[in-house]
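**Q** Here you go, sequence then predicted model.
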Amino acid sequence: MQSLTSGLLDSVRQAGALIREAWRTPSTVQHKGRIDLVTETDLAVEAALKVSLAQVYPGAAFLAEESAEDLDRAALLAGPCWVIDPLDGTTNFAHRLPFVAVSVGLWTGTGVDLAAVYNPMLDDMFHAVRGGGAFRNGAPMAVSAARQLQDSLVCTGFPYASADDPALAARIAAWIQRMLAATRGLRRYGAASLDLAYVAAGHYEAFYELGLKPWDVAAGWLLVEEAGGTVSPILEDTAYSLDSPSILATNGRVHQAMLDQLRA
Ligand code: IPD
Ligand code: CA
Ligand code: CA
């Protein structure tokens, strides 16, 4: 695991350098959907990660955002598989807001056992090893100790689909209203992997979002659990999985109170 971890961290750092280099020149932005963007940097980072990670774990499969269409996910996830978001926070990147990350989780058939989330603009590296703890820039990190929602800073995200789905937008708006009343404040930073890393690091007591994809959450899920937090779906009474249609990640202490608010 030690050499896998250092190989992953090296790969993710190199990938992050590509984002840093691209920062100074204008990007070519293409639309995957009306507001869902992709740039040449998303594609270049993904390609670079596939080359470097193939050397770190020969034979492991890839489930990577920009090349995930038409793949048989169940078959990929039957064995070891790198789950990759090459550039999480593409809209932030397009607007040069420095809340962007490279996110990579190693799925081993039953769960994510190794994870890294790296913000190259802040040179901030988060990683976790199943059973081995969670770390920020090499130092152990843990979720916050807050117990009350009124002492909690909460983060959320808005799925691209909410722009064209009034019922979804209404649910999101109702939740915002509840959060404003019940918590210390609500944030929307625009990179789900970093949002999860910030729960793991104790900045946020909770993060929730609907409609995230496996590559948005694979790494952050392990970060939160290894930092002592709790991850579950919001509305479903099932264990969290990569395919869960919703996510609530907390410091554990405010988990039930968040569920009560979001399910009310
Ligand atoms: C998006 C970001 C954003 C979240 C969206 C994601 P992308 O990922 O994580 O915070 O709200 O749901 O799709 O497109 O920037 O990789
Ligand atoms: Ca993403
Ligand atoms: Ca992305």
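**A** Sure, I can see it. Residues are numbered from 1 along each chain as shown. Ligands and ions are numbered 1, 2, ... in the order given.
**Q** What's the first helix or strand after the longest helix along the chain?
**A** Longest helix of the chain, by residue count under DSSP state H: helix 2-22. Note on helix 2-22: by DSSP states H and E, the next helix or strand toward the C-terminus is strand 29-31.
**Q** In a strand, C155, correct?
**A** Yes - applying DSSP: H, G, I helix; E, B strand; the rest coil, one finds C155 inside a strand.
**Q** residue contacts, it?
**A** L186, R187, R188, Y189, D195, Y198, V199, Y204, A206, F207 (Cβ atoms under 8 Å, 6 or more residues apart in numbering). C-betas here are computed from N, CA, C, even on glycine.
**Q** at 7 Å what do you get?
**A** R187, R188, Y189, D195, Y198, Y204, F207 (Cβ atoms under 7 Å, 6 or more residues apart in numbering).
**Q** what's the burial count for the second one?
**A** If you count neighbours by other Cβ atoms under 10 Å, R188 ends up with 11.
**Q** Nearest residue to it in space, please, no chain neighbours.
**A** In this structure, R188 finds its nearest non-sequential neighbour in T156, 5.8 Å apart by Cβ to Cβ, 6 or more residues apart in numbering.
**Q** any idea of the pLDDT on the one you found?
**A** Note for T156: predicted pLDDT of 98.
**Q** Does the residue of the stretch 101-250 of the chain found nearest ligand 2 lie in a helix or a strand, and which?
**A** Among the residues of the stretch 101-250 of the chain, D216 lies closest to ligand 2, at 4.2 Å counting by Cβ to the ion. Using DSSP H and E, D216 falls within helix 214-226.
**Q** elements contacting the next helix or strand after that helix?
**A** Using DSSP H and E, the helix or strand that directly follows helix 214-226 along the chain is strand 230-232. For strand 230-232, the contact count by 3 or more Cβ pairs under 7 Å, 6 or more residues apart in numbering; DSSP states H and E identifies helix 214-226, strand 246-250 as packing neighbours.
**Q** would you list those in JSON lines and tack on mean neighbour count and distance to P233?
**A** Formatted as JSON lines, the helices and strands packed on strand 230-232 follow (neighbours: other Cβ atoms under 10 Å; distance: least, Cβ to Cβ, whole Å):
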{"stretch": "helix 214-226", "mean neighbour count": "28", "distance to P233": "11"}
{"stretch": "strand 246-250", "mean neighbour count": "25", "distance to P233": "5"}
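**Q** Perfect, I'm done here.
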